[in-house]
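J.: Sequence and predicted structure, then a few things I'm wondering about:
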Amino acid sequence: MADAKLSAASLPAHALSHPLANPGYGKRSAPDQRPRTAHDFAHLPPREAAIAAYIDRLPDGADISVKTLAKHLPYGQCALRTALNNLQRAGHLRRGREHLTADSGSSHWITRSWFTRTARDDDWWAVFTRGDVPKEPQPGPDRPAQTRSRAHILLAALGREAPALSLSAADCADLAPLVTEWYARGATDTDVLRALTAGLPTPVHHPAALVHRRLITKLPPEPAHTPAPLPPLRILECAKCGIPGRPEALPGGMCAACRGDHAPRYRTDTVLPASAVHARAAGIRAAISGR
C-alpha cells in the first residue's frame with residue numbers, strides 16, 4: 001500500500017529535488033509556528049500526516065499543486081486532492097489570493113497556498129486574512145499560564161536540529177532571554193536556528209557556551225524605524241470549487257455549497273474585474289444617451 005511507502009517519520013529533512021513554482025507563487029509558511037517536532041502531525045491519519053510532513057519540509061515557493069505532488073509522492077492526484085482538503089479541515093492549509101503592489105505602482109492578485117505545521121482554527125485564519133498575525137491565547141481561568149516561552153521551546157528543540165547542541169533545561173532557561181532579543185529585532189525561528197547550527201565545529205565540547213557566543217556575536221542589528229507597511233489584502237478560496245469568500249463563509253476551507261448546505265449563510269460573490277465594470281458602465285451610458 002502507498003501508506004507503507006511513505007511515513008512522516010521516514011521523510012528526508014530536505015526535499016532538494018522538489019521543483020519551485022513560478023516566482024511569487026507556491027507554498028507560503030504561515031507566521032508564528034512552533035518549532036518542528038516528531039509529533040507535529042500525530043493527530044492526522046497516516047496518509048495526511050506523511051503528506052503534511054513532506055510539505056512542511058519544503059521551502060517557501062515550492063510547487064505544492066496536486067499535479068506536482070503526485071510526481072514526487074506515492075499517491076495519485078485524486079488521493080492527494082482529498083488529503084489536501086483534509087489538511088485544510090484540520091487547520092494546516094488554506095488556499096487563496098493576495099493583492100500585491102509593485103514599486104512602480106502596478107498591482108495584481110496572485111495565488112497563495114498558506115501552510116502551517118501548527119494547526120489553526122477558523123478564527124485564526126480569519127484574523128490572518130485581515131493582515132494581522134494572530135496572537136496566541138492568553139492565560140486565563142480555563143487556560144493555565146505556560147511555563148515555557150517561545151525562546152525556551154526553540155532552545156529545547158535545538159538538539160533535534162543539531163544533536164551536538166542538545167541543551168539542559170537550565171541552559172535553555174539561561175539562554176532564552178538572548179533568543180527573545182533576536183525576536184525583538186525581527187528574527188524568525190529559522191533565522192535563529194540557522195545562526196546557531198551553521199558551520200558547527202567537530203566536536204562541540206560545550207554546547208551552551210557555543211550557543212551563548214553565537215547569540216551574542218551574531219545578534220542582528222536593531223531594525224530601522226520605518227513606517228509600518230499597510231496590511232496585505234488577502235482572500236481565501238474554497239478548497240473544492242475555488243470560489244472566493246469571507247473566512248467565516250469558508251469554515252474548514254470549504255464553501256457552503258461544497259459542504260452540502262442547502263442555504264448558504266454568507267454571500268461569496270466574486271469580485272468583477274475592472275474591465276467588466278467599465279464595460280457595464282459604458283453600456284448603461286449608451287442606453288441612457290440613446291433615449
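T.: Sure, I can see it.
J.: In which helix or strand does Leu236 reside?
T.: Counting by DSSP states H and E, the element that carries Leu236 is strand 233-237.
J.: what's next to that strand, contact-wise?
T.: 94-99, 112, 125, 128-131, 243-247, 250, 253 (CB atoms under 8 Å, 6 or more residues apart in numbering). Every C-beta, even on glycine, is put in place using the N, C-alpha and C of the backbone.
J.: let's see it at 6 Å
T.: Arg94, Arg95, Gly96, Arg97, Glu98, His99, Thr129, Pro244, Pro247, Leu250 (CB atoms under 6 Å, 6 or more residues apart in numbering).
J.: these two touch, right, Pro220 and Arg185?
T.: Yes - if you go by CB atoms under 6 Å, Pro220 and Arg185 touch, sitting 5.0 Å apart.
J.: tell me the contacts of Ala176?
T.: Counted by CB under 6 Å, 6+ apart, Ala176 has contacts Ser149, Ala151, His152.
J.: May I see the residues you listed organised as a markdown table, with secondary structure, pLDDT and neighbour count added?
T.: Converted to a markdown table, the contacts of Ala176 look like this (DSSP: H, G, I helix; E, B strand; the rest coil; pLDDT from 0 to 100; neighbours: other CB atoms under 10 Å):
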| residue | secondary structure | pLDDT | neighbour count |
| --- | --- | --- | --- |
| Ser149 | coil | 82 | 16 |
| Ala151 | helix | 89 | 22 |
| His152 | helix | 90 | 19 |
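J.: Compute the distance between His72 and His39, please.
T.: 24 Å (CB to CB, to the nearest Å).
J.: So for the two, which residue has more residues nearby?
T.: His72 (14 against 10; other CB atoms under 10 Å).
J.: that older thread, just the contacts of strand 233-237: which are in strands?
T.: Counted as lying in strands by DSSP state E, out of the contacts of strand 233-237, are Arg94, Arg95, Gly96, Arg97, Glu98, His99, Pro244.
J.: Of those residues - the most surrounded one?
T.: Arg94 (28 neighbours).
J.: Which residue comes closest to it once chain neighbours are left out?
T.: Trp114 (4.9 Å; CB to CB, 6 or more residues apart in numbering).
J.: End to end on stretch 19-38, go ahead and measure it.
T.: Length of stretch 19-38, first residue to last, CA to CA, to the nearest Å: 25 Å.
J.: Other residues contacting it?
T.: 58, 60-64, 110-118, 133, 153-154, 157.
J.: are any of these buried, and which?
T.: Among those, those scoring as buried are 58, 61-64, 111-117, 153-154, 157 (criterion: 16 or more other CB atoms under 10 Å).
J.: List just the nearest of those to Ala52.
T.: Distance to Ala52 across the buried ones among the contacts of stretch 19-38 (CB to CB) is lowest for Arg117, with 7.3 Å.
J.: pretty sure that closest one contacts Ala42?
T.: No - using CB under 6 Å, Arg117 is not in contact with Ala42, being 11.6 Å away.
J.: for stretch 186-199, what is the average pLDDT?
T.: For stretch 186-199, mean pLDDT is 91.
J.: for stretch 49-61, same thing?
T.: The average pLDDT within stretch 49-61 is 92.
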